[in-house]
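Chemist: Next one to model:
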Amino acid sequence: MSELITLSHGNGGKRMRRLINDVFIKYLSNDLLNANTDATLLPQQNARLMTSVDGFTVQPVFFPGGDIGSLCVHGTVNDLAVSGAVAKFLTLGVIIEEGLPFDSLEKIVKSMAQTADECAVKIVCGDTKVVPRGQGSEVYFTTTGIGYKQSLVDYSMDNIKAGDKIIISGSLGDHGAAIMLAREEFGLCGNLQSDSASVLPLCEAIYPLPGVRFMRDPTRGGVATVLHEVIQSTGLGVQINESNIPVKGEVKLICDMLGYEPYYLANEGRVVAVVDAVIAEQVCLLWRQLPNGKSAAIMGEISNQHQELVLQTQLGGERLLLELSDEPLPRIC
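Modeler: The predicted structure follows:
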């Protein structure tokens with residue numbers, strides 16, 4: 001019997017990687033398509049254009065700190081930013097479920113327009129479809145971002161070397177935890193807000209620095225999933241230190257109560273950077289001067305001693321953070 005697609009094929013972990021490699025890359029591979037990057041450089045004579053595409057589904061569609069409208073703009077801008085490009089234009093595909101209140105849709109699109117204005121991008125074309133009640137999840141968005149490559153560096157995992165430092169721009173898991181609170185599924189409440197924001201200022205601050213190897217916004221599957229991608233791509237290992245990783249008290253409490261790990265929770269306004277050890281402190285200092293980077297920290301380093309993701313605990317021990325297999329919680333981005 002043919003294998004069936006499950007939610008775990010969309011969590012960013014090993015099943016999603018196998019889905020991409022065994023189906024999409026297998027049949028669609030060409031000299032421009034790269035499954036290890038968030039954006040692709042388009043060959044042009046007089047301009048360095050980059051493009052990126054992303055899909056967005058979240059429940060609830062309104063959450064503390066944002067909504068699916070602002071999320072889809074931030075997410076697309078961020079994919080280009082960590083690839084060295086400044087987004088200028090977006091296209092928008094919309095699938096609406098029958099029964100969505102018109103007022104809700106208007107509120108979402110108004111938020112999208114405001115966010116696009118803040119990010120200095122224009123939505124230049126789109127398409128809308130409506131599906132029968134019960135065949136959607138209120139509303140889905142698919143965006144394509146087009147921007148200009150500002151950095152001359154190709155931020156690729158191929159650049160990563162043993163001894164490089166891993167830096168996170170801010171606290172982990174704010175978005176994922178805020179969504180769980182918004183769902184009120186567990187009888188929890190609080191004031192935690194999603195970190196959804198543009199990471200372009202963070203990226204632009206370090207574009208000029210030599211020694212920035214790789215950047216990624218850790219959305220689905222969180223920081224742990226990005227670091228497992230690094231391991232798979234480089235054949236090196238990753239060592240991270242729990243004491244150095246910023247996690248808000250509310251996020252820690254939610255994770256402790258529900259059995260989650262903040263390293264796997266989605267973030268929508270953070271950057272993970274792998275940099276030469278020589279510039280690691282400089283990157284942190286630059287980021288800490290920005291509103292979205294005040295808690296930036298060196299969270300670990302690349303190791304040639306193993307090929308695992310190893311967490312050094314606050315108690316002085318070590319444990320492995322395994323790659324996601326099954327879906328840890330409902331989709332939140």
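Chemist: going forward, measure contacts and count neighbours with C-alpha atoms only.
Modeler: Will do.
Chemist: element containing the nearest residue to residue 205 once chain neighbours are set aside?
Modeler: Distances taken as C-alpha to C-alpha, 6 or more residues apart in numbering place residue 286 nearest to residue 205, at 6.7 Å, with adjacent residues excluded. Per DSSP states H and E, residue 286 falls inside helix 280-288.
Chemist: Let me know the average pLDDT across that helix.
Modeler: For helix 280-288, mean pLDDT is 98.
Chemist: which residues in the stretch 151-300 of the chain form helices?
Modeler: Secondary structure of the stretch 151-300 of the chain (DSSP state H, counting those that start in this stretch): helices located at 174-183, 200-206, 222-234, 249-258, 280-288.
Chemist: out of those helices, nearest to residue 34?
Modeler: helix 222-234 (12.2 Å; C-alpha to C-alpha).
Chemist: CA atoms only for the closest one - export them in PDB, please.
Modeler: What follows is helix 222-234, C-alpha atoms only, in PDB (Å, rounded to 0.1, in the frame of the first residue of the first chain):
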ATOM      1  CA  GLY A 222      12.500  25.500  15.600                       C
ATOM      2  CA  VAL A 223      16.300  25.900  16.200                       C
ATOM      3  CA  ALA A 224      16.800  22.200  16.600                       C
ATOM      4  CA  THR A 225      15.500  21.400  13.100                       C
ATOM      5  CA  VAL A 226      17.800  24.000  11.500                       C
ATOM      6  CA  LEU A 227      20.800  22.600  13.400                       C
ATOM      7  CA  HIS A 228      19.900  19.100  12.200                       C
ATOM      8  CA  GLU A 229      19.900  20.400   8.700                       C
ATOM      9  CA  VAL A 230      23.400  21.700   9.300                       C
ATOM     10  CA  ILE A 231      24.500  18.300  10.500                       C
ATOM     11  CA  GLN A 232      23.000  16.500   7.600                       C
ATOM     12  CA  SER A 233      24.500  18.900   5.100                       C
ATOM     13  CA  THR A 234      28.000  19.200   6.600                       C
END
